[in-house]
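**Student:** need a 3D model of the following:
(2 chains)
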Amino acid sequence: MNSPSAPAATSGGSNVSLARRAYNIRRLALRMAEVQGQGYIGQALGVADVLAVSYFHALNYRPGEPEWEGRDRYCLSIGHYAIALYSALIEAGVLPEDELETYGMDDSRMPMSGMAAYSPGMEITGGSLGHGLGITVGMAMGLKRKNNPAFVYNLMSDGELGEGSTWEAVMSAVQHGLDNLICVVDFNDQQADGPSTAALCQEPVEDKWAAFGWFAQRVDGNDIDALVEAFDAARNHPAPVPRVIICRTQMCKGVDFLEAREITHFVRVEPNEWARALAVLDAGAPA
Amino acid sequence: MNINAQGFHGPLAPNSRRKSKYAPRTVPVSETGEALTTSAMIASLDAEGRDTVAAPFGHALVELAKTRDDIVGLTADLAKYTDLHVFAQAYPDRFYQMGMAEQVMISAAAGLAREGFVPFATTYAVFASRRAYDFIVMAIAEEALPVKIVCALPGLTTGYGPSHQATEDLAIFRGMPGLTIIDPCDATEIAQAVPAIAAHPGPVYMRLLRGKVPDVLSRYGYQFEVGKAKLIRDGKDVLFVSTGFMTMRTLDAAEALAKDGVDAAVLHVPTIKPLDTETIVAEASKGGRLVVTAENHTVVGGLGEAVAATLMRAGVHVPFRQVGLPDEFLDAGALPTLHNQYGISVAGVTAAVKGWL
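**Tutor:** Sure, this is the predicted structure:
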């Protein structure tokens, strides 16, 4: 990308590569999941590249000041992905790494499902699916009212495309010209009962958004260069319309024996497999 | 499925006017033989001989917006029918027409509140309480955001039938933690409540009387306060504990009862939650009075049961009766007819109390 607002594919001016950031996020997520012996690790591993590009390429924020008025708002509609967002927030320096082992425990600031009242950097309470996009519609309206140039991001899942409220919000964002709203869809084709595309997430997904008036892109959500290009295009698109990036991701990405496992919404990992998963991840660690 | 001879419905409710849809009907006539032309379209409260105020909510919101830049308005295609059009005309740039989409209206109101605004979101009570409930719970109440949800057609204030009759909205919303619930009586109270609920820090659900709204409380020197019950009239035989427009009815019933030598007090309880238990217990504890709750709502889960539980918990054992709508899907028809039929008219309240004494 040659856009003026598009730095190279490294972490916001640092020398750490985005690939390394994604690896670090995956590693943090595995360590958190090991604490509980379970978790939505398949989703976290799958979405790690999207989060790395979000937090270390696209977003404008201050790690020590999570409520800074000028920040881009990054909202997690999919509350069960909290383990992935905590990992990104730890990597970004918003949450402290030494609290990682409290994940999911009593009195933790990192509950299993993400809630705004619990965690710095957690902008909204997701989890009741189909809520995030509507809330971000209102936040984007509010930012425009304040002439605040920040972007609002909504990270949602393909399963949420089955919720009617999502489509109310899709139409509303166009109706109100919300060009400061960027929706990121993690399309891993898995929901609780099986493949999303076998439930209510019908292809062609990006064409539907485009038909509603969104600037729609579809990318390989595990290809960092493609993600960088898509996030830049989303931010710099000239038309006064909302933007969506459909990110096709691989559940359990980066841990081959889990990728090969029959993929389910809730990946079962045996107690002795966590160390093995970390070892596999580490073996493929980028520079 | 319970299939009876009249079709595919179960047993009809005992006092329902619903009959077989295949039985032919004639134009209803009055006792003097004239055709009764009242229709289900008439959605205003009986206001004969009463002062009324037009669109008190809309005008109060405009007044408030003059002093508060953070006030914005949203509606789901019901601005004209919730009196929000008055605000929309005065402040078009602070008004959001969200279309017929209650879920995103509520979610967007939450988002605006997150960015520092105080949104007033309007629709009908049925749509807020039934369709948008999950969004009110999770996007607004769980986050303690200052969204004010103001809804027309509460309880039995339309003859359209159950699609528009929010007979259970208070019961639905009472279970939601952190939500303040207001059922104002009249135009005076609506006008006073608008700035009060805007100043109140958390989320609020307010029932709304729209259009030409009767004005009753101004002559009692009334002042609304969030969370406060107010004794409007004292009396030694009966204690009415009423909310919403039923306080108009209990005040009129008290007048009617006085002619028969029955001395009735009226405690007006506009805040359903948090309930002013202190005042309710104090008044009920005075003893020697029949306590009668009155609400424009099903007898299940509204003011009546809230008061009953309050008195039980406080160990106040007094004679207790409820005026309210039956636990049924109500009929379609003209409002005066329906209010008489279901016992929430002045005559209905007066007769019920006489029967209980």
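
**Student:** interface residues of chain A facing chain B?
**Tutor:** Counting by CB under 8 Å from any CB of the partner chain, the residues of chain A close to chain B are A:115-117, A:123-125, A:127-128, A:130-131, A:133-143, A:145-146, A:148, A:164-165, A:168-169, A:171-172, A:175-176. In this view, the C-beta of every residue, glycine as well, is placed from N, C-alpha and C.

**Student:** any idea how far B:Ala229 is from A:Gly126?
**Tutor:** 38 Å (CB to CB, to the nearest Å).

**Student:** ok, A:Pro195 next?
**Tutor:** The value you get for A:Pro195 to A:Gly126, if CB to CB is used, is 22 Å.

**Student:** neighbour count for those two, which is higher?
**Tutor:** Neighbours per residue (other CB atoms under 10 Å in any protein chain shown) separate A:Pro195 from A:Gly126, with A:Gly126 holding more: 31 against 14.

**Student:** OK, contacts around the nearest residue in space to the more buried one that is not next to it in sequence?
**Tutor:** With sequence-adjacent residues excluded and distances taken as CB to CB, 6 or more residues apart in numbering or on different chains, A:Gly126 is closest to A:Gly79, at 3.7 Å. Applying CB atoms under 8 Å, 6 or more residues apart in numbering or on different chains to A:Gly79 gives the contacts A:113-115, A:125-128.

**Student:** pairing partners for the nearest residue to A:Ser54 once chain neighbours are set aside in the sheet, please.
**Tutor:** Leaving aside its sequence neighbours, A:Ser54 sits nearest to A:Tyr74 (CB to CB, 6+ apart; 6.4 Å). Beta-bridge partners for A:Tyr74, by DSSP bridges, are A:Tyr153.

**Student:** tally of neighbours for A:Tyr74?
**Tutor:** Under the neighbour criterion other CB under 10 Å, A:Tyr74 is assigned a count of 26.

**Student:** and if you look at the one 10 residues further on?
**Tutor:** Neighbour count for A:Ala84, taken as other CB under 10 Å: 30.

**Student:** would you check that it makes contact with A:Ile25?
**Tutor:** Yes - in this structure, A:Ala84 is within contact of A:Ile25 by CB atoms under 8 Å, at 7.2 Å.

**Student:** so what sits against both of the two?
**Tutor:** Here A:Ala84 and A:Ile25 share the contacting residues A:44, A:48, A:51, scored by CB under 8 Å, 6+ apart.

**Student:** just the pLDDT for A:Gln191.
**Tutor:** At A:Gln191, the pLDDT value in this model is 91.

**Student:** partner strands of the helix or strand containing A:Gln217, parallel or antiparallel?
**Tutor:** Using DSSP states H and E, A:Gln217 sits within strand A:215-220. Using DSSP bridges, strand A:215-220 pairs in its sheet with strand A:243-248 (parallel).

**Student:** could you list the low-pLDDT ranges of chain B?
**Tutor:** B:1-18, B:36-44, B:46-48 (pLDDT under 70).

**Student:** check the burial of the closest residue to A:Ile246 other than its chain neighbours by counting its neighbours.
**Tutor:** Nearest residue to A:Ile246 in three dimensions, chain neighbours excluded: A:Arg218, at 4.3 Å (CB to CB, 6+ apart). A:Arg218: 20 surrounding residues under other CB under 10 Å.

**Student:** returning to what we had before: pull out the buried residues from the strand holding A:Gln217.
**Tutor:** A:215-219 (16 or more other CB atoms under 10 Å in any protein chain shown).

**Student:** just the helices in the chain please.
**Tutor:** By default, I'm working from chain A. For chain A, the helices defined by DSSP state H cover A:18-36, A:41-53, A:82-91, A:132-145, A:164-175, A:205-212, A:224-236, A:256-259, A:273-283.

**Student:** not quite, go with chain B.
**Tutor:** Using DSSP H, the helices of chain B run over residues B:56-67, B:85-90, B:102-114, B:125-126, B:133-135, B:169-174, B:187-199, B:246-259, B:277-284, B:303-313, B:335-341, B:346-356.

**Student:** quick one: strands adjacent to the longest strand along chain B?
**Tutor:** Longest strand in chain B, counting residues (DSSP state E): strand B:290-298. Strand B:290-298 has the following sheet partners, assigned by DSSP bridges: strand B:238-242 (parallel), strand B:320-325 (parallel).
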